[in-house]
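Asker: Predicted model and sequence follow; I will ask about them next.
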Amino acid sequence: MNKFRPIFPQLGGFAHGGDYNPEQWLDRPDILKKDIELMKEAHINVVTLGVFSWSVYEPKEGEYHFDWLEEIMNNLYANGIHTILATPSGARPAWLDKQYPECMRVDAYDHREHHGLRHNHCMTSPVYREKVKNIDSRLAERFAKHPGLLMWHISNEFGGECYCESCVANFRKYLAKRYDNDIEKLNHAWWTTFWSHRFTDFDQIDPPYETGESCVLGLTLDWKRFTTHSTCDFMKAEIETLRKYNRDIPVTTNFMEIYDGLDYQVLAKEVDYISWDSYPLMHNDYESIEDTFLRTAFCNAQFRSMKKDRPFILMESAPGLVNWHGVNKMKRPGYGKLMSLQAVASGSDTVQYFQWRKGRGSSEQFHGAVVDHIGTNDTRIFREVADTGRTLKEIAEVCGSVQKNEVAVIWDWDNRWAIDDARALSNDSKKYEDTVIGIWKELMRMGVEADVISQDMDFDDYKVIVAPMMYLLHEGVGERLAKFVNKGGQLVASYFTGYVDESTLAYLGGFPGQNLKELFGVIAEEIDSLYPTESNYIINSYGGRYEVKDYQEYLRVNGADVLATYEGDYLEGRAAVTRKENGRGSAFYVGCRLDSKDMRWILDKALASAAVELTPLPEGIEHHVRYSDDYRYDFYLNVTKEAKDVPCSLCEDFIASKTFAGSFVLQPVESTVVKRKLTK
Ligand code: GAL
């Protein structure tokens, strides 16, 4: 018995489907009928309904229309198609904004927005919360026990900020709680004596308006935390309402790529499954297709790692193209399917699209869909989607299995925000996101997939942790890292680590702060920024010479071994990369920015010391592994346009039902899954 439970056991395999807006076609029963026919042909077994349906559910305050939805859900269910039902809070009917303008957001210039768009409601407005509670209750009352209902989808792509009176009052309350009602604690944490910014009462504090405060870094960071807090609180209120009607229906909310406006780690704790919306800029003119794929694989890893004991959900992806990129390119033949299978390989139990059918008007009329305006099955995209559906059926047994990785890369929202706002380094080359993603991608190229974890997550399951630019440290992280290393872990950290605490106060006594200067055996005395036209080099003891860009630290070594020294500038001959053994493990410190491919020799050492198994593969072949109790499933994706010879030990290709040993040929833009029994 597989102890890893598929997300949707009712489906007997992967979920394949997407956002469906029948409410736009209620006057066209012929089209609604055709939809079912086409869905069956495309192997669709799930749809997401009601994401933005409020104005149809409740066209006038207190007047409800749910019969159409019931008919649709019944009909879908009768045809083997289940429903993920969204709460409609992501967009408000016009009557609501006219009647209750406080539901609309106030921007950072203190202007109330006008009605329109979506995703722009105030998260703290008591009126909006009451209205949402009402519509959610009515929806749940009617549908929470529907046999076709698989999951609740809370709102849509939470994000953004509101500066209205209610949010300001709630911000002050949040701060009073965070600082134990002691304004002096806040003054200390925010270092407000600087420029005479001391407060004597929480009521004096405003959010960081565009025309207001921007230099109290603790304030800006706490505002971001507050925005996450109030969004999460809003989401929790929605979840609580729904659960009253049926506790057994799981909940999720859809996250976005590498969105930095909300600390998703906080929201992740409140939902049963993580889902995300994937819209990479495919076939762009600034990176290789391998890079685009790897960046998306990073996103998959990021979301997977938020709940790594279970699969995640690919909630949305574009069949064909999107309509909101700068240049809207069609996915070239086979690439849509390949990217869908990449999500599955990365641990998703679903492949879902936005959208099932193209609408006729408004701003998403030309966004990709499974069914185009032509309305038939006879399109390249439809055929590819149907083909994806067929493949998902073939590999149904993989469903519910999970990845198990020995390496993790740390990626942390508080740290992202603090780096972004730090008045240090250079404005245009901080590049925290690119740095983390670059290293994650490099590990993949070396043949190892890493999880992507926050600094607060458990380190125990890993053998190697890479922590790039860990500028802000939460309390106790240094100690936990030391424990990790002493027990045998290999830790690789970099320049700009451990400069500030969680209030953004600089550590005294030498960077990296907490106990990390002892753990790494170095003190970073200075950090130097380089102009984009400048570089330095480092040299290691095997004759390797690597270019330094953007940042170089002046390190004082206190007990670490020096692995590389600077070649030039005033740093000539000084330590640039070090390693210190601690207990059974070791801590590497990389004092300068290297291209991620030039980090290889350091990562190699860490991985080798930890005996992490690498799967070296030809360029352009991506490899991911999922595990059930009894089997491992190796996914290989060829993202290039050339056939590749892929080395592989004895295994069984369970799609082609054949066994082979040594290697196999993977055709261009193709993928395969091979299966091996685990030896206990
Ligand atoms: C997503 C959103 C969908 C749709 C899609 C278009 O971000 O959740 O509702 O707008 O983008 O790409």
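Answerer: Done, it's in. Since the model is a prediction, treat every value here as computed from it, not as a measurement.
Asker: How about the residues of the chain by the ligand?
Answerer: By Cβ under 6 Å from any ligand atom, the part of the chain that sits against the ligand consists of Asn156, Glu157, Asp277, Tyr279, Glu316, Val322, Phe354, Glu364, His367. (C-beta placed from N, C-alpha, C; glycine too.)
Asker: how about these, which pair is most distant?
Answerer: For these, the farthest-apart pair by Cβ to Cβ is Asn156 and Val322; their separation is 15.7 Å.
Asker: which of those two has more neighbours?
Answerer: Asn156 (23 against 19; other Cβ atoms under 10 Å).
Asker: Surely Leu594 and Arg545 touch.
Answerer: No - look at Leu594 against Arg545 with Cβ atoms under 8 Å: they stay out of range, at 11.1 Å.
Asker: Between these two, which is the more surrounded one?
Answerer: Leu594 (25 against 11).
Asker: count of residues packed around the residue of the stretch 501-650 of the chain found nearest the ligand?
Answerer: Proximity to the ligand, evaluated over the stretch 501-650 of the chain using Cβ to the nearest ligand atom, is greatest for Val639 at 21.9 Å. Val639 has 25 neighbours, counted by other Cβ under 10 Å.
Asker: still on that earlier bit, overlap in contacts of Leu594 and Arg545?
Answerer: Ile538 (Cβ atoms under 8 Å, 6 or more residues apart in numbering).
Asker: what residue ranges in the stretch 1-150 of the chain score low on pLDDT?
Answerer: Across the stretch 1-150 of the chain, the ranges flagged by pLDDT under 70 are 1-4.
Asker: Taking it, what residue is nearest to the ligand?
Answerer: Val51 (6.0 Å).
Asker: How many residues are close by that residue?
Answerer: Counted with other Cβ under 10 Å, Val51 comes out at 26.
Asker: what do you get for Asn427?
Answerer: For Asn427, using other Cβ under 10 Å, the count is 7.
Asker: Check what pLDDT it gets.
Answerer: Per-residue confidence (pLDDT) for Asn427: 91.
Asker: still on that earlier bit, tell me how far the residue nearest to the residue of the stretch 1-150 of the chain closest to the ligand when sequence neighbours are not counted lies from Glu23.
Answerer: In this structure, Val51 finds its nearest non-sequential neighbour in Ala86, 4.2 Å apart by Cβ to Cβ, 6 or more residues apart in numbering. Ala86 sits 12 Å away from Glu23, taking Cβ to Cβ, to the nearest Å as the criterion.
Asker: between those two, which one's more packed in?
Answerer: Ala86 (24 against 17).
Asker: ok, the more buried one touching Val47?
Answerer: No - contact between Ala86 and Val47 fails when scored by Cβ under 8 Å: they sit 10.7 Å apart.
Asker: Can you tell me which helices and strands the helix or strand containing Ile602 packs against?
Answerer: Under the criterion of DSSP states H and E, Ile602 resides in helix 600-609. Contacts defined by 3 or more Cβ pairs under 8 Å, 6 or more residues apart in numbering; DSSP states H and E place helix 600-609 against helix 432-446, strand 464-467, strand 490-494, strand 585-590.
Asker: helices and strands around the last one, which ones?
Answerer: Put plainly, it is strand 585-590. Helices and strands touching strand 585-590, by 3+ Cβ pairs under 8 Å, 6+ apart, are helix 477-486, strand 490-494, helix 516-520, strand 575-582, helix 600-609.
Asker: May I see the buried residues of the first one?
Answerer: Okay, so that is helix 477-486. Val477, Gly478, Arg480, Leu481, Ala482, Phe484, Val485 (16 or more other Cβ atoms under 10 Å).
Asker: shared neighbours of Ala86 and Glu23, which are they?
Answerer: Gly50, Ser53.
Asker: Name all residues that make contact with the residue of the stretch 501-650 of the chain closest to the ligand.
Answerer: Listed by Cβ under 8 Å, 6+ apart, the contact partners of Val639 are Ile289, Glu290, Phe293, Tyr335, Leu338, Gly620, Ile621, Glu622, Val669.
Asker: ok, those residues vs Gly662, which is closest?
Answerer: The closest of the contacts of Val639, once distances to Gly662 are taken by Cβ to Cβ, is Ile621, at 15.5 Å.
Asker: beta partners for the closest one?
Answerer: Per DSSP bridges, the residues bridged to Ile621 are Asn638.
Asker: got a pLDDT number for it?
Answerer: 97.
Asker: That one reaches Cys648, doesn't it?
Answerer: No - counting by Cβ under 8 Å, Ile621 does not reach Cys648; the two are 10.5 Å apart.
Asker: so which of the helices and strands packed on helix 600-609 comes closest to Ser609?
Answerer: strand 490-494 (5.2 Å).
Asker: how far does that closest one sit from the chain's center?
Answerer: 22 Å (Cα atoms, centre = their mean, to the nearest Å).
Asker: So which elements touch that strand?
Answerer: strand 464-467, helix 477-486, helix 516-520, strand 585-590, helix 600-609.
Asker: Enumerate the beta-bridge partners assigned to the closest residue to Val562 other than its chain neighbours.
Answerer: Once flanking residues are discounted, Val562 sits nearest to Ala575: 4.4 Å by Cβ to Cβ, 6+ apart. With beta bridges defined as DSSP bridges, Ala575 has these partners: Thr565.
Asker: for Ala575, what are its contacts?
Answerer: Applying Cβ under 8 Å, 6+ apart, one finds that Ala575 lies in contact with Val522, Leu555, Val557, Ala560, Val562, Ala564, Thr565, Gly591.
Asker: Surely the last one and Glu526 touch.
Answerer: The one in question is Gly591. No - under the criterion of Cβ under 8 Å, Gly591 makes no contact with Glu526, lying 10.3 Å away.
Asker: burial of the closest residue to Gln667 other than its chain neighbours, as a residue count?
Answerer: In space, and not counting its chain neighbours, Gln667 is closest to Ala643: 5.3 Å by Cβ to Cβ, 6+ apart. Ala643 is flanked by 12 other residues according to other Cβ under 10 Å.
Asker: Quick check, Ala643 in contact with Val665.
Answerer: Yes - shown here, Ala643 and Val665 form a contact pair, counting by Cβ under 8 Å, at 5.5 Å.
Asker: quick one on the thing from earlier: what residues are shared contacts of Ile621 and Cys648?
Answerer: Joint contacts of Ile621 and Cys648 (Cβ under 8 Å, 6+ apart) are Tyr636.
Asker: Export the helices and strands packed on helix 600-609 as CSV, with columns for distance to Phe226.
Answerer: Listed next are the helices and strands packed on helix 600-609 as CSV, based on distance: least, Cβ to Cβ, whole Å:
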stretch, distance to Phe226
helix 432-446, 22
strand 464-467, 26
strand 490-494, 29
strand 585-590, 34
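Asker: Out of those, flag the one nearest Asp260.
Answerer: helix 432-446 (7.7 Å).
Asker: helices or strands up against the closest one?
Answerer: Helix 432-446 sits against helix 289-306, strand 407-410, helix 413-421, strand 450-453, helix 600-609, with contacts defined as 3+ Cβ pairs under 8 Å, 6+ apart.
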